[in-house]
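Undergrad: Sequence and predicted structure below; questions after.
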Amino acid sequence: MRLLVNHQNTMSSYSSNFLLVPIPEYPVLDCVPNKNVKIVVLGASSVGKTALIVRFLTKRFIGDYEANTGALYSRKINIDGEQVSLQVQDTPCVSLQEDTEVLSCQEQINRAIYWADGYVFVYSITDHRSYRTIKPLYQHVRKIHPSGNIPIILVGNKTDLLRARQVATNEGARLANELGGAHFEASARENYDSVSDAFHHMCLEVSRAIGSSNGEKRRGLHLVRPKSPNMQDLKRRFKQVLSSKAKSSNTSL
Ligand SMILES: Nc1nc2c(ncn2[C@@H]2O[C@H](COP(=O)(O)OP(=O)(O)OP(=O)(O)O)[C@@H](O)[C@H]2O)c(=O)[nH]1
């Protein structure tokens, strides 16, 4: 969702909602060169993707939102003692098609998945369907990034609504383990530390992955290995050259 401020109280003549660009972009000049941590936040409708991002970046919880069009937030953060540039891409919701495990998602989500280096999968602990969306969503990400390690975390949001819980903590942990990522439960509404822990973990994972590949795009997606010459073919051609040389020296004798 997008951040939205309702000015109903201050503008009595009409009720209008003003969209804010909530978080100013920071200059990245004094950041580690080539260290650009790019994270995308994915999940079903109303699980709290925007709320989590905004909470992490501003420490604030803002309850009123409008359907998300996919905002990109930029920040400078300290990871492992280094200042790195962080970009967090919010996304529109994904959904499962009626009574299936088939995922519906917009093209802009595919672009965000392709662009990102780390993946935050969010479900709401009060919505089991949002939890069931995670595995197909992960498989979808895997289609776009079929090889190598991809840093991921699973976040079960809305832990303040314990009475409405539909997803047990160990269900979330089991799925995270299966997908190869860490599991967090958080409340964007009531607990900043839970949100911060999850995002910091994600940033650390991505930063280390980038560091270990010297800032190059990993996963081999963009690295087309040059074809090595076929040895059999080379030998055959070498023999041809030798025999034609032998023939020509025989005829000249
Ligand atoms: N109780 C509670 N409500 C939350 C929490 N996080 C978000 N919400 C509420 O859940 C609703 C959806 O939050 P969003 O952050 O807009 O969710 P989203 O996943 O971005 O939604 P989409 O734009 O539909 O994809 C809003 O009314 C939030 O106020 C939370 O931790 N606890």
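TA: Great, that's in hand. Not measured: the values here are computed from a predicted model.
Undergrad: any idea whether Ala112 is helix, strand or coil?
TA: helix (DSSP: H, G, I helix; E, B strand; the rest coil).
Undergrad: low-confidence ranges in the stretch 151-253 of the chain?
TA: Where the stretch 151-253 of the chain drops to pLDDT under 70, the residues are 212-253.
Undergrad: Could you show which parts of it are in contact with the ligand?
TA: Within the stretch 151-253 of the chain, the positions adjacent to the ligand are Asn157, Lys158, Asp160, Leu161, Ser187, Ala188, Arg189 by CB under 6 Å from any ligand atom. The C-beta positions use only the backbone N, C-alpha and C, and glycine is treated the same way.
Undergrad: neighbour-wise, which of those residues leads?
TA: Asn157 (30 neighbours; other CB atoms under 10 Å).
Undergrad: Just read off the phi/psi values of Ile150.
TA: phi -120, psi 120 (degrees, to the nearest 10).
Undergrad: State the distance from the nearest residue in space to it that is not next to it in sequence to Gln139.
TA: Closest residue to Ile150 apart from its sequence neighbours, by CB to CB, 6 or more residues apart in numbering: Tyr119 at 6.3 Å. Tyr119 sits at a distance of 12 Å from Gln139 (criterion: CB to CB, to the nearest Å).
Undergrad: now Gln83
TA: Distance from Gln83 to Gln139, by CB to CB: 35 Å.
Undergrad: The helix or strand where Leu137 lies packs against which elements?
TA: Assigned by DSSP states H and E, Leu137 falls within helix 134-144. Judged by 3 or more CB pairs under 8 Å, 6 or more residues apart in numbering; DSSP states H and E, the packing partners of helix 134-144 are strand 36-43, strand 103-104, helix 107-115, strand 118-124, strand 152-157, helix 169-179.
Undergrad: just the helices in the chain please.
TA: 49-58, 107-115, 128-132, 134-144, 169-179, 192-212, 231-252 (DSSP state H).
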